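Q: Sequence and predicted structure are below.
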2 protein chains.
Amino acid sequence: MLEAALRAADPRAAIHHHLHFEGDRLRVANRLYELSEVGQVHVVGAGKASGAMAQAIEEILDERIAAGWVNVRYGYSASTRRIAIREAGHPLPDQSGLEGTRRMLELVRRAGEGELVICLISGGGSALLELPQPGISLEDLQATTDALLRCGAPIQEINAVRKHLSQVKGGRLARLAHPAGVISLILSDVVGDPLDVIASGPTVPDPTTYADAWRVIEKYGLQIVLPGSILDHLGAGRGGSVEETPKPGDPIFERVHNVIVGNNRQAALGALEAAHQLGFNPLLLTTYLEGEAREAGRWVAGLAKALARDEGPIARPACLILGGETTVTLRGSGVGGRNQELALAAAIALEGYPDVLVVACSTDGTDGPTDAAGAMVDGETVARARQLGLDPEGYLANNDTYHFFKALDDLIVTGPTRTNVNDLVLILAT
Amino acid sequence: MLEAALRAADPRAAIHHHLHFEGDRLRVANRLYELSEVGQVHVVGAGKASGAMAQAIEEILDERIAAGWVNVRYGYSASTRRIAIREAGHPLPDQSGLEGTRRMLELVRRAGEGELVICLISGGGSALLELPQPGISLEDLQATTDALLRCGAPIQEINAVRKHLSQVKGGRLARLAHPAGVISLILSDVVGDPLDVIASGPTVPDPTTYADAWRVIEKYGLQIVLPGSILDHLGAGRGGSVEETPKPGDPIFERVHNVIVGNNRQAALGALEAAHQLGFNPLLLTTYLEGEAREAGRWVAGLAKALARDEGPIARPACLILGGETTVTLRGSGVGGRNQELALAAAIALEGYPDVLVVACSTDGTDGPTDAAGAMVDGETVARARQLGLDPEGYLANNDTYHFFKALDDLIVTGPTRTNVNDLVLILAT
């Protein structure tokens, strides 16, 4: 089922599905482009899956591509002929990422009326597609990114700040590309697919302002942590002496076409289809799973308990599917990830319940700072752990779920999957 | 739908459903008792719904009842002819409750071979059916109950201690009734209906020991808080100089018949049937909802979002039903309850989503220390609150959900319902 989910969210297949020739015209989702209109094609992009997306674009457009630059995470490169793939830092931007982004901006600025910029966006793009505003150094940007990621702010607030420190985010890439047309092909890694949040929306109108960014700084008390250059820039922006990000209604967006080519729901539907073929009664509950991972684990266990006692919404053999992305509030000093934490909390709640299995897995193959994608548990997981001398509650309290599941050999290890559409939880009852 | 849920879990109907005459025999769930076997019937019991249960038992057995004593919460009395109803303290036991329990024990001790004790158990029974072991005063028992309820221990651990301080809990009532037969009719207010936990299992084998009770004391650091009489008694029990509670396998339980007459699932199925009749596509997901209320609110919102975008498990008009009981970790100084807290967290997550309604409601009519049973929210709740100058996040952070919903007039107020089968959450999408 997990393999089917990953296939369904494969970025290469997703591009082919949404962009292909129909005779003399190029179909992009619900729009048709006359080839005479398309002219020179410039490709830019960034994200964990953007290497595979670049391969697909080359397969379709081939020699129509004048040039291309795409930034991917270290270890996520792909073999291409026309589009240069550059490896760069994530989750903190690094010099390589800035260099690649500078090349992209040169391409984009040169694109003229009647030409086309194709932008390949996937998860990780906020770090991998970045060039700070003049006067902000890489070090200051890194320190700011780090502080934002640690302060507990939701991604919407983090990105409100990042957009206003950047030459590309918050629709600024689209403004640089104007008057060329822009097609942005987006693999979503944010729950609910909000276009302005994914990769900080480089080709999307920005509803947030410098004033909003400043409110986030104040809300989390970051004035005392952030470098002076950052505070100076945001202050200048609030004062009106720096240009705002382009806003909803700006006419430049008339030439921009943003298309979600893949998301968590595609992966979940892939798992659903596989579950059906394997003889399970499948049900997709939601792809909007959010909140604290260990709490989500308890209610996932609550769904599993109902199935185990034949009180669930469907008859056994049953498979409930949920998608989304939880978060972990770190309290301990261990190693783990949100899926492993969800799984261990579910295991504790499910102790003794027979014939149910819970699988929690990241679709990008990386759950937290570990080499595992997730873990799987059942009603005997806790008893097996105790036999090995492991204390499940202790491992959970210490956020050390990786070592717990490693000892039990219940980790799910996929390696980098080259896609990135959040997480899946499968609840199986036989 | 809520009215239908309460009707389905009505304790009087539940008793009639599970206990009635079939010709010359008395059917109790799956067993038939010959009337010649039954002889004198003695009725005891305690809990919020036990007054209504006593009325039903009188309607069925009438003059076969030799005598009866039942403790209910203050304000929960009921009109009876043969069974004395006594109002008493909850959640802390009081002198009235102890007096009533003493009368019950006298009745039960007198019941002999060939006679029958009927025990009417409902939520609140742990406080309302209580007589401490010799040497433990009411004040010490109250202080201990209060410390246990505040220390954050789950109900299983709290009850492991309470059972070992009591003359009735943990199967001890059944031992006192021996050799009379015992029929325990139980309205469950604990998620999953664990017989040994509901009302601390007065007629159920106790799997916990004095050693377990002591471990709970140590785990929560209660040695320095609890009165000396409590520590002395538990110490004596660990040392073997006080008789243990009766354990699984004890032959006294061969004469005991424990029957769940009503639970959360019955209420949920009542709501399901009403939803169906009202034209909704209903789906009961689980009755095992547990965990932190505000986190449960987020994932309930996640289910609602999927319905709002036509990505849910069923087509609109849809009604998802969940049951269980969440908990609130108090951080602020406001007034509220677990259902109101769940509802406000859901409202914040659902801001702007159209055509969905979330209802969270206690079946006993009391949500936390408030006169409300719960609250209802939709995608406009947060905007309406802001127009009134209310800050939803602030009220949630201060656990002050009651005043938030009071100002919006979105509380659900039922008054005491005379039943008690946990909470229901309804998610409606039109």
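A: Cool, the structure landed.
Q: residues contacting the residue lying closest to A:E113 once chain neighbours are set aside?
A: Leaving aside its chain neighbours, A:E113 sits nearest to A:P179 (4.6 Å; criterion: Cβ to Cβ, 6 or more residues apart in numbering or on different chains). All C-beta atoms are positioned from the backbone trio N, CA, C, and that covers glycine. Taking Cβ atoms under 8 Å, 6 or more residues apart in numbering or on different chains, we find A:P179 in contact with A:G112, A:E113, A:R255.
Q: Dump those residues into JSON lines; add pLDDT and neighbour count as well.
A: What follows is those, written out as JSON lines (pLDDT from 0 to 100; neighbours: other Cβ atoms under 10 Å in any protein chain shown):
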{"residue": "A:G112", "pLDDT": "91", "neighbour count": "11"}
{"residue": "A:E113", "pLDDT": "90", "neighbour count": "10"}
{"residue": "A:R255", "pLDDT": "94", "neighbour count": "17"}
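Q: For the residues you listed, give me CSV that also has distance to A:H16 and secondary structure.
A: Output for the contacts of A:P179, formatted as CSV (distance: Cβ to Cβ, whole Å; DSSP: H, G, I helix; E, B strand; the rest coil):
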residue, distance to A:H16, secondary structure
A:G112, 28, coil
A:E113, 29, coil
A:R255, 24, helix
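Q: so A:R81 touches A:I57, yeah?
A: No - here A:R81 lies out of contact with A:I57, judged by Cβ atoms under 8 Å, at a distance of 11.2 Å.
Q: more neighbours, these two?
A: A:I57 (29 against 11; other Cβ atoms under 10 Å in any protein chain shown).
Q: what's the helix or strand containing the more buried one in contact with?
A: Using DSSP states H and E, A:I57 maps to helix A:50-61. Outside of helix A:50-61, the residues within contact range by Cβ under 8 Å, 6+ apart are A:10-16, A:19-21, A:41, A:43, A:45, A:47, A:65, A:68, A:70-72, A:76-83, A:85, A:118, A:120-122, A:125, A:128, A:185, A:187, A:261, A:418-419.
Q: So for it, what gets flagged as buried?
A: A:S50, A:G51, A:A52, A:M53, A:A54, A:Q55, A:A56, A:I57, A:E58, A:I60, A:L61 (16 or more other Cβ atoms under 10 Å in any protein chain shown).
Q: Chain A against chain B: which residues are in contact?
A: Residues of chain A found near chain B (Cβ under 8 Å from any Cβ of the partner chain) are A:192, A:265, A:283-292, A:295-296, A:298-299, A:301-303, A:305-306, A:311-313, A:324, A:349.
Q: Mind checking what secondary structure the closest residue to A:L226 other than its chain neighbours has?
A: Of all residues not flanking A:L226 in the chain, A:T144 sits nearest, at 5.6 Å (Cβ to Cβ, 6+ apart). Counting by DSSP: H, G, I helix; E, B strand; the rest coil, the backbone at A:T144 sits in helix.
Q: got a list of what A:T144 touches?
A: A:T144 touches A:V161, A:L165, A:L226, A:P227, A:I230, counting by Cβ under 8 Å, 6+ apart.
Q: Quickly check the residues you listed for the two that are furthest apart.
A: Largest separation among these by Cβ to Cβ: A:V161 and A:P227, giving 12.9 Å.
Q: who's sitting farthest from the centroid in chain A?
A: Computed with Cα atoms, centre = their mean, the residue of chain A farthest from its C-alpha average is A:Q387, at 38.1 Å.
Q: can you confirm A:R27 is in a strand?
A: Yes - counting by three-state DSSP, A:R27 falls inside a strand.
Q: Let me see the confidence value for it.
A: At A:R27, the model reports a pLDDT of 93.
Q: Name the helix or strand for the residue lying closest to A:L303 once chain neighbours are set aside, please.
A: Closest residue in space to A:L303, ignoring its immediate chain neighbours: B:T286 at 5.1 Å, by Cβ to Cβ, 6+ apart. B:T286 belongs to strand B:281-289 when assigned by DSSP H and E.
Q: could you pull out the strands for the stretch 51-200 of chain A?
A: Using DSSP state E, counting those that start in this stretch, the strands of the stretch 51-200 of chain A run over A:65-73, A:83-88, A:116-121, A:181-187.
Q: Let me have those strands in TSV, extended by mean neighbour count, mean pLDDT and distance to A:G379.
A: Shown next, in TSV, are the strands of the stretch 51-200 of chain A (neighbours: other Cβ atoms under 10 Å in any protein chain shown; pLDDT from 0 to 100; distance: least, Cβ to Cβ, whole Å):
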stretch	mean neighbour count	mean pLDDT	distance to A:G379
strand A:65-73	25	95	37
strand A:83-88	20	97	43
strand A:116-121	30	96	41
strand A:181-187	27	96	36
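Q: Make TSV from those and add distance to B:I155 to it.
A: Formatted as TSV, those follow (distance: least, Cβ to Cβ, whole Å):
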stretch	distance to B:I155
strand A:65-73	47
strand A:83-88	52
strand A:116-121	49
strand A:181-187	45
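Q: ok, back up a step: closest to B:L344 among the contacts of A:P179?
A: Using Cβ to Cβ, the contacts of A:P179 come closest to B:L344 at A:R255, 42.9 Å.
Q: Not counting sequence-adjacent ones, nearest residue to the closest one?
A: Here the residue nearest A:R255, using Cβ to Cβ, 6+ apart, is A:G181, at 4.8 Å.
Q: contacting residues around the one you found?
A: By Cβ under 8 Å, 6+ apart, the contact list for A:G181 reads A:Y33, A:E37, A:E115, A:L116, A:V117, A:R255, A:V256, A:H257.
Q: tell me the average confidence for the helix holding A:I57?
A: 96.
Q: That helix to strand A:65-73, inter-axis angle?
A: 160 degrees (axes from the mean of the first three to the mean of the last three Cα atoms, to 10 degrees).
Q: Now do the same contact list for the residue nearest to A:L357 when sequence neighbours are not counted.
A: Leaving aside its chain neighbours, A:L357 sits nearest to A:L428 (4.4 Å; criterion: Cβ to Cβ, 6+ apart). The contact partners of A:L428, by Cβ under 8 Å, 6+ apart, come to A:F280, A:P317, A:A318, A:C319, A:V356, A:L357, A:V358, A:V359.
Q: And stretch A:419-430, end to end?
A: 30 Å (Cα to Cα, to the nearest Å).
Q: Which of the residues in it are classified as buried?
A: A:T419, A:N420, A:V421, A:N422, A:D423, A:L424, A:V425, A:L426, A:I427, A:L428, A:A429.
Q: Please name the nearest non-neighbouring residue to the closest residue to chain B within the stretch 1-150 of chain A.
A: Closest approach between the stretch 1-150 of chain A and chain B, counting by Cβ to the nearest Cβ: A:A8, at 14.9 Å. In space, and not counting its chain neighbours, A:A8 is closest to A:G270: 2.6 Å by Cβ to Cβ, 6+ apart.
Q: Look up which helix or strand that neighbour falls in, please.
A: helix A:264-277.
Q: quick one: that helix to strand A:281-289, angle?
A: Using the same axes, to 10 degrees, helix A:264-277 lies at 160 degrees relative to strand A:281-289.
Q: All set now, cheers.
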